[in-house]
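Q: fold the following, please.
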Amino acid sequence: MFYALSWLLVVGLLALWSLSAWALHGAAVWAVSQAGALTGAAAGAAGIRLPDWLAPWVPPDLLQTVTALVSGLAPAMDSLLQAVPVLAGGLTVLAWVVWGLGSVLLVLLGVGLHLLVAMWRRRGGGSGPQPQGQAAG
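A: Numbers count the residues shown, from 1 in each chain. Predicted structure coming up:
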């Protein structure tokens, strides 16, 4: 009975792990494939203004430096966003590798639980057949 319960627990965890890996992979591939649509968005970052309540607290020199830095990084960010959808295939391989490693660990957990139940039953904690006492004669 305990063997079945331990393996049922492992199968349930394996199903939950598989569902989680599948959902995260789907969300990541969707996000990566949609990143190419954001090209040109980095160029608009130079037009970002500070809120009115924050403007008196920020020195103008710092604001100009940050604006120049962001506008200088905009072309690099655009080229990176155009290259990101190519990574979707590598993301699939990575998801399979992570899923496989997690699955192996869960099966090893099942083997460990199986051995633990076997050791527990061997020490007399199980509900197996008990030896009969000798009849008085």
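Q: could I get the contacting residues of the nearest residue to residue 13 once chain neighbours are set aside?
A: Ranked by C-beta to C-beta, 6 or more residues apart in numbering and with sequence neighbours excluded, the top spatial neighbour of residue 13 is residue 106, at 5.5 Å. Using the backbone N, CA and C atoms, a C-beta is placed for each residue, glycine as well. The contact partners of residue 106, by C-beta atoms under 8 Å, 6 or more residues apart in numbering, come to 10, 13, 14, 17.
Q: wait, the last one touches residue 98, no?
A: Spelled out, it's residue 17. No. If you go by C-beta atoms under 8 Å, residue 17 and residue 98 don't touch, sitting 9.8 Å apart.
Q: residues near residue 117, how many?
A: Residues near residue 117, counting by other C-beta atoms under 10 Å, number 19.
Q: picking that back up, got JSON lines for the contacts of residue 106, with secondary structure and pLDDT too?
A: Output for these, formatted as JSON lines (DSSP: H, G, I helix; E, B strand; the rest coil; pLDDT from 0 to 100):
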{"residue": "10", "secondary structure": "helix", "pLDDT": "93"}
{"residue": "13", "secondary structure": "helix", "pLDDT": "96"}
{"residue": "14", "secondary structure": "helix", "pLDDT": "96"}
{"residue": "17", "secondary structure": "helix", "pLDDT": "95"}
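Q: next one: the helix or strand hosting residue 31 to chain centre, how far?
A: In the assignment (DSSP states H and E), residue 31 maps to helix 2-34. In terms of C-alpha atoms, centre = their mean, to the nearest Å, the centre of helix 2-34 is set 10 Å apart from its chain centre.
Q: if we can go back for a sec, let me know the closest of the contacts of residue 106 to residue 110.
A: Using C-beta to C-beta, residue 10 comes nearest to residue 110 of the contacts of residue 106, at 3.6 Å.
Q: my read is that that closest one contacts residue 105, right?
A: No. When contacts are counted by C-beta under 8 Å, residue 10 is not listed as touching residue 105 (10.5 Å).
Q: so for those two, which sits in the more crowded spot?
A: residue 10 (19 against 12).
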